[in-house]
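Visitor: structure of the sequence below:
(3 chains)
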Amino acid sequence: MRRSKAISAMAVTAVSALVLTACGGGEENSGGGSTGDVSGMAEGKAQEGDVFTLADVPEMDPVTVAIDDQFTAYNNDTADANSSYNNYVLTSVLAAPTLLDGNNKVLTNGDVMESIEVTSEDPFTVEWKIKDGAKWSDGEAWDCSDFYLAWLAHSGKADGFNVASSTGYELIDQPECQDAQTFTAEFSQPYIDYKGLFSSGAILPAHILEQETGIDDITSITPDSSNVSDVAEFWAGGWKGFDAELMPGSGPYKIKSFNRNSGRVVLDKNPEWVGAKGGPTEVTVRTIPNTQAMATALENGEINVAASTQPDSTAATTMQNLESQGVTYGSAPQLTYEHLDLNFDRLFADEAARKAFFAVVPRQEIVDKLLKGVQPDAEVLQSIVFFQGEDGYEDRYSDKAGQGAEQAEQILQDGGWEKGDDGIYAKNGERFSIEISHNENDRRKQTVEIIQSAASKAGIEVVDDQDANFLAGRVDKGDYDVALFGWSSEPFKTTQKGLYSSDGGQNWQGLESDEVDKAYDAAVDSTTEDEAREHYVEADEALANEHATLPLFATPSMWGFRGIDRVYMQSYNGALWNVGEWEAAE
Amino acid sequence: MADLNSIEAGSESGRDKNPDGSGAEALPEARSQGTMVLRKFLRHKLAMGSVVVLALIILASIIVPLFYPHSFADASFSSYVDPSGEHPLGTTQVGKDMMAQVLRGTQFSLLIAITVAFLTTVIGVVLGALAGYLGGFTDSAISRLTDLFLIVPSIAAAAIMVRVFDGSWYVVALVLAMFAWMPIARITRAEAMSLSQREFIEAARASGAGTGRVVFKHLVPNMVGTITVNATLAVAQAVLAEAALSFIGLGVQIPDTSLGLVISENYEQMQGRPWLFFGAFTVLVLISLTINFIGDGLRDAFDPRQRKVKA
Amino acid sequence: MNLVVYILRRLAISIPILFIGSFLVFCMVAAAGDPLGELRTQPGVSQEAIDQLSRQLGLDQGIVPRYFDWLGGFLTGDWGISIAQGSNMQPVFPKVMSAFEVTIQLILAAEIIAVLLGVAVGVLAAVKQYSPIDYIATTMAFIFFSMPIFCVAIVLKMYGIDLNVMITDMGWDSWLGNPFLKTTSPESLSGDGFFDSIINYIGGLLLPTLSIMFISFAAYSRFQRSSMLETMSMDYVRTAQAKGISQGRVIMRHAFRNALIPVTTLFSVNFVTVVTGAIITERVFAWNGMGSVLVEAVNKNDPNTLMGWIVVIAISVVIANLIADLVYGILDPRIRVG
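Guide: Numbers count the residues shown, from 1 in each chain, chains lettered A, B, ... in the order given. Modelled structure (predicted):
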């Protein structure tokens, strides 16, 4: 085991210098900024008014699209399968009566639907009229029985379906197939978000289920039928894994192959698709969990589209710098709002404490430092109930938050708090030391670092509490001082009631406000959108006055693409919502 | 790769090829041997250079923060400020001074590494010496325990345990130590086995010394060479192991930090803003490189056969 | 015959260890978090659905019955299902095995190159001790194993992309493919015809293989060098030299064979470390191997997948050790296995 004693120090530096230069040999950043204008790509090419139809475009060569996490399920609506990444793929495979464009506008899917109408306000009744000729890729009709099955599964009235959410469906009392093309539903109370029903992969092939369970007609089964358990068993368990026979497509594409282990799913054209037949002949969707790796794969030409819901300014910069190589970069706020929930059962029972905390959170600085690299026009979110650009959105927080340390100290002193010897305020022996809890997420960690630094200047101690299990076992027990996380939703607001009303299932922060409750109750009972909006505005204002929850920003998505004329990452359904009208770029 | 040095250091004594080698001398000769080892080590230029560099890094990480104008927690600067007199390594995305992060990361990394080295050495030496000296049932029990720990990849165990407890530095250090003592135990066991046959151990036993006394007064002092070399190298391994854990996001978590964490948070800046990456990276590589060199020097110094070789 | 008995005995010893180890890990995994925790926070999920899943997965039982349930299933080939949110009840066995295949593919190629190159460089450095070759080899080795593996991987990736650009500029992409070197896992390693397959194989595997290789190579070369030096100072080698046998013959026939023994030991002890290196490399190159399975299982509190993962690695460590022991026996006639 003898070794030479002296190793030439020269050799060490020479070799390491080589590696170091290699590491540092990159080009300079050109700074942030979106490359090319993607906002014009937010609408469908043939979209008119409230109706979306797929534009007729020439065919193009196969494309590869990368997303952050795995596609796993054809039936995305069981509790164990539910994931937005399934949705990203299914949006082009399973037709829905409505869809969302890049601006989150709710559009009727004109290729498969004649109309969706409220036919009566009391009892609240909605009629879905399906277009003649809408078909599954195996040639069977896409019709009312498929709607009926979707209702049966989501209604929550029968056991065993293991459904991920029955919001809205549970209000349907009288579902009926008037004829093969007409589905009507009578609701137990007004439900103005009815356009959100049956969307995002909710409608699965009833004929396959009938064939596999030996049931003749699914519409004859009610939640009380004896063989509803057979239906439930197949619905919840029969569409696991992949079997092309059992999993036809009803959208412009169908699933050709799906390799779970390599995380790749390949889509090809649905030969029976009733609408326009152009677009890529094949679409491979693959998983690249690291956004920087996704950006370099785009740079290296391994993928055509990089679509990520995890904004990362370094990856964004990489893609922006590829403009000269024909890459278009885009970013847009998603329907996810990042916010801070204050727990009323602890120190924040004290109103002055809530106000002072609001005052020290530098939201503009958070947005500038963490988001502008990804989305140059990112803004602070000033409402809990509405997103920027929605009717009803108004600035309800800038006079309540971010005024700075001085103001915060003033609020605390007025509220009976006194500065202790350690420079931290205290009241009745309780120090103003709070934990901000969040899951493992770099951006959230950075958010806390910024708040920490700002709060310390006002005599408020902020402790970072990063816990991988925070969103899986702690947040729902109210085990936090301040919770930092995001809620993501379709642009429908009914579910919000559960988050902020006193008896809401997701009201973990112990908020109790009569005004908030009243406003949400009225909003949910409204029969028109205008009426509902009025009450949601009231709810939003009441929430802001409580200093209960502080909105930070709508989390942006980011995407880059090359060789395709237009790609826009829809914030709920991903990039493939209009894949059928992608064309090769010139 | 992390285990390489310990095996290398141990293999000479682990296999009985050189019954008279392996740096083991009877106790009375220890002092003169110590002087000789020291003298040889001092002559080892690369190792001595490494000692100086490492000492500078340690001192800097302790002393500089006392005078450094920016606190590691202060996020009030702009993001991504380029290096300047004010911020020698620029600022991070949230607007923290990078130099302050590197200094604090160095402190924590060293703290973790030294804790790991200390724990692995203590556990490994005690178990190894007992197994080698007592033999029989104790030996097979300890050997099976060693096997048990060898088959569970530490990266998985650490990942789970960081989740069960939390990501504070001592949890990470404990976990790393729990899965790093086995090579030392094996080496010590082999050496203890061969030493147990020697007369001075038998003499001690004959004079009625208990197991504890024999092991700690007679066996361990005679294995000081192997132990020192391995403890040194364990520090280098721990620094890298911690960095690997941090990279897959399962290592130390804030409010604690480490060089590994600082690097893994900033490696994507390697091309765009190299200063954010290379500060922590250079310190980490320097620490592990110098410790490897020091370990190397120590090995040569403890190796009595070194005399025969031209230097 | 002796050999078979030896192998069986070695494996028999491993069984109780695997048993105890798996139970301890099972307890740790169970304590790590609630697999259904994420589901519980979703609005719209009924308590009924959660309870149903909980029963189905046996989460309503105590830890010991759960362990034996798992063990019973495991021994009969049913490794349970992945219960991470969004995993859609994927069976664990095919998931872990296909990931293992990916990782082993990376490791094998890398280790073969690392051993061959490491041994060659090590021997050369020893034979030409204190020559420039020796200094360069030693320095490189020291640097590579003082560096976190992910840095090596990231640098390689950057060079890979530059090289692809060069290949395209030279017009070679028509036969090497565009891009030739992949920075993420390739769609398939096969191609049309033999030549295409070779190109695809190299292009897909080269970068990750090299990064695992470099770190291992450093260890092997250094190890081989010192053990070679030691054997060369042995009496029998000196005797052979004194007899006038040519230098090359002495090195190859006498010294080399014995000097391989420690490298074999290194292979077995190093195995877990190489797996760890592969996990990190996979992450950089977005391969769907053991690394991504581990990180996902840990992050999503997925006990069955974690258990499957750990047991597969544990068994492969046992087998790697066994192989090393057997090779050891072949190389050194004085050591008789059994």
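Visitor: which parts of the stretch 51-200 of chain A sit against chain C?
Guide: A:69-70, A:72-73, A:78-83, A:85-86, A:156, A:159-160, A:162-167 (C-beta under 8 Å from any C-beta of the partner chain). The C-beta positions use only the backbone N, C-alpha and C, and glycine is treated the same way.
Visitor: buried subset of the residues you listed?
Guide: Buried members of those, counted by 16 or more other C-beta atoms under 10 Å in any protein chain shown: A:69-70, A:72-73, A:78-83, A:85-86, A:156, A:160, A:162-167.
Visitor: any idea how far the helix or strand where residue A:556 lies is from the middle of the chain?
Guide: Secondary-structure assignment from DSSP states H and E places residue A:556 in strand A:549-562. Between the centre of strand A:549-562 and the centre of its chain there are 10 Å (C-alpha atoms, centre = their mean, to the nearest Å).
Visitor: which helix runs longest in chain C?
Guide: Counting by DSSP state H, the longest helix found in chain C is helix C:193-232.
Visitor: ok now that helix, how far from the chain's centre?
Guide: Counting by C-alpha atoms, centre = their mean, helix C:193-232 comes out at 13 Å from the chain centroid.
Visitor: now stretch C:6-21
Guide: 21 Å.
Visitor: got a pLDDT number for residue 16?
Guide: Reading this off chain A. We note a pLDDT of 26 for residue A:16 in this prediction.
Visitor: chain B is the one I meant
Guide: 36.
Visitor: find me the pLDDT at residue A:8, would you?
Guide: Confidence score, pLDDT, at residue A:8: 25.
Visitor: re earlier: can I get the strand holding residue A:556 in CSV, CA atoms only?
Guide: Output of strand A:549-562 as CSV, limited to C-alpha atoms (Å, rounded to 0.1, in the frame of the first residue of the first chain):
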residue,chain,number,x,y,z
THR,A,549,-55.3,35.0,4.3
LEU,A,550,-52.9,36.9,2.2
PRO,A,551,-52.7,36.2,-1.5
LEU,A,552,-49.2,36.4,-3.0
PHE,A,553,-49.4,35.6,-6.6
ALA,A,554,-50.9,33.4,-9.3
THR,A,555,-48.2,30.8,-9.9
PRO,A,556,-47.0,31.0,-13.5
SER,A,557,-46.4,28.1,-15.8
MET,A,558,-43.6,28.3,-18.4
TRP,A,559,-43.1,26.6,-21.7
GLY,A,560,-40.9,26.6,-24.7
PHE,A,561,-41.3,25.1,-28.1
ARG,A,562,-39.6,24.8,-31.4
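Visitor: that one close to chain B?
Guide: No: using C-beta under 8 Å from any C-beta, we find that strand A:549-562 stays clear of chain B, coming within 14.1 Å at best.
Visitor: paired strands for that strand, with orientation please.
Guide: According to DSSP bridges, strand A:549-562 forms sheet pairs with strand A:305-308 (antiparallel), strand A:327-342 (antiparallel).
Visitor: reformat these as CSV; add mean pLDDT.
Guide: As requested, those are exported to CSV (pLDDT from 0 to 100):
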stretch, mean pLDDT
strand A:305-308, 94
strand A:327-342, 91
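Visitor: just these: most buried one?
Guide: Stretch with highest mean neighbour count among these: strand A:305-308 (a mean of 28; mean count of other C-beta atoms under 10 Å in any protein chain shown).
Visitor: and that one, how far out from the chain's middle?
Guide: 15 Å.
Visitor: now swap in stretch B:113-131 and tell me
Guide: 11 Å.
Visitor: quick one: buried residues of it?
Guide: Those would be B:113-117, B:119-121, B:123-131, for stretch B:113-131 by 16+ other C-beta under 10 Å.
Visitor: which residues are in contact with residue A:182?
Guide: Applying C-beta atoms under 8 Å, 6 or more residues apart in numbering or on different chains to residue A:182 gives the contacts A:127-130, A:144.
Visitor: rerun at 7 Å
Guide: A:127, A:129, A:144 (C-beta atoms under 7 Å, 6 or more residues apart in numbering or on different chains).
Visitor: part of a strand, is the second one?
Guide: Looking back up the chat, that one is residue A:129. Yes: assigned with DSSP: H, G, I helix; E, B strand; the rest coil, residue A:129 falls within a strand.
Visitor: by neighbours, which of the contacts of residue A:182 wins?
Guide: Among those, the one with the most neighbours (other C-beta atoms under 10 Å in any protein chain shown) is residue A:144, at 24 neighbours.
Visitor: thinking it is in contact with residue A:180, fair?
Guide: Yes: at 5.5 Å, residue A:144 counts as touching residue A:180 under the criterion of C-beta atoms under 7 Å.
Visitor: what residues does the stretch 101-250 of chain A put near chain B?
Guide: By the rule C-beta under 7 Å from any C-beta of the partner chain, no part of the stretch 101-250 of chain A lies against chain B.
Visitor: most remote residue from chain B's center?
Guide: Distance from the centre of chain B peaks at residue B:78, with 37.6 Å (C-alpha atoms, centre = their mean).
Visitor: wait, doesn't that residue sit right on residue B:93?
Guide: No: Residue B:78 is beyond contact range of residue B:93, at 10.2 Å (criterion: C-beta under 7 Å).
Visitor: show me the shaky parts of the stretch 201-338 of chain C.
Guide: Per-residue confidence for the stretch 201-338 of chain C (pLDDT under 70) gives these ranges: C:253-254, C:332-338.
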